[in-house]
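[1] I'll drop the sequence and a predicted model, then ask my questions.
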Amino acid sequence: MKSGHLFLCIAWCLRHVSAADVARKVERLLEELVRPGAVEAKEGLDFASVKEELEASGSHGCLAMLNLFGVADGQGELRLPKGFPRDATVGRRHLAKAVATPRAQEDPWSFTLLGLLLSVGSPEVAGLQLEVVAGPQVVVRNPEALLEEPGSAASSPKDGKEAFDSVGAAFWEAAERKEPLGSIVFASLVRRGLTDVPISWTRPQADAEDKSLLHRIPDLLGGKLDAVASERACRALSTLITPARDASANEEPLLDKAALTWKAWRHRERRLPSDEDWQQTKEYVDHVKHGAEVMQQPQSMRELAALHFQGHTEAKLAQNKTLAESYWTQAAREGDVWSAWHAALSYLRDGKVEVAGPYLDMVGNSSAAPLAFMALHFKFRFGVGQTKDPTQAGQFLKAAADFGNSNAQLILAHSYMGYTHGNMEGVYPPGGPDKAAALVYYKVAAANGRLVPKLNAGLLIAQGADPSIPERDVQCAVAYRELAEVVHAAHPSAHLLFAHARRSFMLGDLLGARLRFALLSDAGFVMAHLNLAWLWDQEARKQASFWGFWGRWSASHSPVVPASLAALYYRRAAAAGHVPSMTEVSVRLLKEADLAGMAGTSETVVALQAAAFRWTALAAERGDGRAIFDQAYLLQFGIGTRQDEQLSRKLYGKLLGGSSGWSARVAALSWMGLTAARTYFLKTWDGLRPLLGSLGSLASLRLPHWATRQVQGTEVTEEDRAAHALFARGRRLQACSLHAGGYVVSGRLIFWRCAVNAPT
């Protein structure tokens, strides 16, 4: 009997190890597809063989992920062997098995995927019953419901004021199982006030009835810190520590750094050197190559070396350290100190101390003080042309740190913490180990963009080591912000998912892109909010129906919530502190108010306009020029707030004094002339009201009488042509109200301008 138990234990362990190995193989295969310069996976590595290994090892979570997300091959086709076909039915079958497995069997995807499907309101999970059992632990009582067709197992809303928070519970269980992305999502949900799990396992019935996370209103991050927000930060902090540690070790990721800041709306758009994402373009790489290879410019050689070292996706430039070193050494021979420094660092990392010596001498003899002191530090630390001297190495390290070198600041902070391994070997910090001094240098290195010191500074602040932050609540909020920035900058799993979302979009798989961005949006990534908002806006402009698996807005929700999915994602970005999204949300709310005004719902109009003014005021507080103008305009005419022309004039004056560009000219025209023009605009609008009312009824008809005559081949009369013109004009007005841009945010002005400019 004992031998039988031993055999089963050994078999389970072998299967467990095998599943972990196969999961790592899947991760490597996915990395190969999105490495800079890659088109398809390398020879001998494909999804057909990996699929067999996943099935043999029982890795149902990974199989569910691949079947639900799908992976396109180099030609954009979802097919084996170089890609993976999307099959939601097979994916649900594997997910049902994955969520039924115990916690002991590590799986990076099971409850994370379940949380994603619940988050977007997928009908395939409507019949699932999640509950909390002893432990506590979240279990799925009826995983077989995933095998039924969508809608056949839909559950009716339960009576009562509270409902079980299935989304929060699923992501909490994912965090308890140490699923990387699930942990990040759960921490983000807690911090933004989107779930109270595990303090409370329920949500208000109206909030949870559609099981869609999108309609929950997130807290405004960066605003006033109250007791509730501080408590949420403290609870979320513990979940985020492990993902932050994983991210801090990814300062030099396998993928290009631009992956996490990629903008879908700039794809294949020609950008200029003045654009912020110019360096992500193929044109930038061509420009650098011309300067390095044709013009022989040392600075261009240095930039090209960095491109080869990091890789570049749009230019299909693969990572090549050897080629990078050759350009650095060539530029160093031309006298470029920075290239000599990078060459020295590269050789020192490989243990080639003697090869690095001449480049250290060149840097040490230069006038670049931070680099010169660092070069002298390395010479005394490694004994390059000098006798090894830990004290002198520490002195020169501190000098370089005080001059602002982030590498020196990080190494010195570690040394002050008492570490003596790795880069700290052979270094004695001035004055000896000192935890307070370590925190000082961790903070300045973090301010210079280094991830490891940002993590360590956050942990020390959370432990109360920073005397400038004595309040416990503030310590949690600051520490969470530091750790979240580390995760958002370089977490390997999030980085990989973002890169595949970008790849899916480029290859034409929009559903795959939306799914991946949706999970990243739940995790709090601002660029995921913005990319999804843009993608759904594009879908809306095509007048196509939204993806059926996503929740729809209904009248049961708060009247201040815009109808479209794009608006909901813009709201997420705005709540995260993205100022342009604040103004975008305000504009959309005002357009919603105009449509509500046409329907005669005055209370809804007031609520929408008030919400729009609040978002505008928040953006204006952050110094945004457009928001200041919008706030002045709303105050001038009392839209969404009490009319205050005196404050309006002050804001116009502030805008005039702070800029001499286009926005200032618009402000001047508005200040001086808009009041006089107001009467004319209102008269025009009042004249259009009866016409728009009749057009609304015409637009609701599926086939007007004049269209019926055209279909039947009957002669079309002048009266029919007039009706057709009215119908088309009404549709254009409706399109203007929903999609028109315009600097003036008043819906009245937008309607009037669209009506005048629309062709007849």
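    Yep, it's here. Residues are numbered from 1 along each chain as shown.

[2] please, where are all the helices along the stretch 251-400 of the chain?
    Counting by DSSP state H, counting those that start in this stretch, residue ranges of the helices within the stretch 251-400 of the chain are 282-289, 298-310, 321-333, 337-349, 353-364, 369-382, 390-402.

[3] among those, which is nearest residue 514?
    Among those, helix 282-289 comes nearest to residue 514, with 25.5 Å by Cβ to Cβ. Heads up, the C-betas are built off the backbone N, CA and C, glycines and all.

[4] who touches that closest one?
    Outside of helix 282-289, the residues that reach it under the criterion Cβ atoms under 8 Å, 6 or more residues apart in numbering are 270-271, 273, 278, 300, 303-304, 307, 312, 314-315, 317.

[5] can you put those in a markdown table and add pLDDT and distance to residue 631?
    Below are those laid out as a markdown table (pLDDT from 0 to 100; distance: Cβ to Cβ, whole Å):
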| residue | pLDDT | distance to residue 631 |
| --- | --- | --- |
| 270 | 81 | 34 |
| 271 | 82 | 31 |
| 273 | 86 | 33 |
| 278 | 89 | 32 |
| 300 | 97 | 45 |
| 303 | 96 | 42 |
| 304 | 97 | 46 |
| 307 | 95 | 43 |
| 312 | 91 | 41 |
| 314 | 87 | 38 |
| 315 | 89 | 42 |
| 317 | 92 | 45 |
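
[6] okay, and for the stretch 551-700 of the chain, where does confidence drop off?
    Low-confidence segments of the stretch 551-700 of the chain (pLDDT under 70): 551-563, 657-700.

[7] can you show me the helices along it?
    Assigned by DSSP H, counting those that start in this stretch, the stretch 551-700 of the chain shows helices spanning 565-575, 579-599, 602-621, 625-637, 645-658, 662-669, 675-699.

[8] distance of the residue nearest the centre of the chain from residue 185?
    When the chain is reduced to its mean C-alpha position, the closest residue under Cα atoms, centre = their mean turns out to be residue 525, at 2.5 Å. Between residue 525 and residue 185 the distance is 10 Å, computed by Cβ to Cβ, to the nearest Å.

[9] could you check the pLDDT of the nearest residue to residue 304 once chain neighbours are set aside?
    The shortest distance from residue 304 to any residue other than its chain neighbours is 4.3 Å, reached at residue 292 (Cβ to Cβ, 6 or more residues apart in numbering). Taken from the predicted model, the pLDDT recorded for residue 292 is 97.

[10] buried residues, stretch 87-95. List them.
    Of the residues in stretch 87-95, those buried under the neighbour-count criterion (16 or more other Cβ atoms under 10 Å) are 88, 91-95.

[11] swap that for stretch 341-356, sorry
    Within stretch 341-356, the residues scored as buried using 16+ other Cβ under 10 Å are 341-348, 353, 355-356.

[12] quick check: the farthest pair among those residues?
    In the buried residues of stretch 341-356, the most distant members under the criterion Cβ to Cβ are 342 and 353, with 16.2 Å between them.

[13] in a markdown table: the buried residues of stretch 341-356, plus distance to residue 49.
    Putting the buried residues of stretch 341-356 into a markdown table (distance: Cβ to Cβ, whole Å) gives the following:
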| residue | distance to residue 49 |
| --- | --- |
| 341 | 44 |
| 342 | 39 |
| 343 | 41 |
| 344 | 43 |
| 345 | 39 |
| 346 | 36 |
| 347 | 39 |
| 348 | 40 |
| 353 | 43 |
| 355 | 41 |
| 356 | 42 |
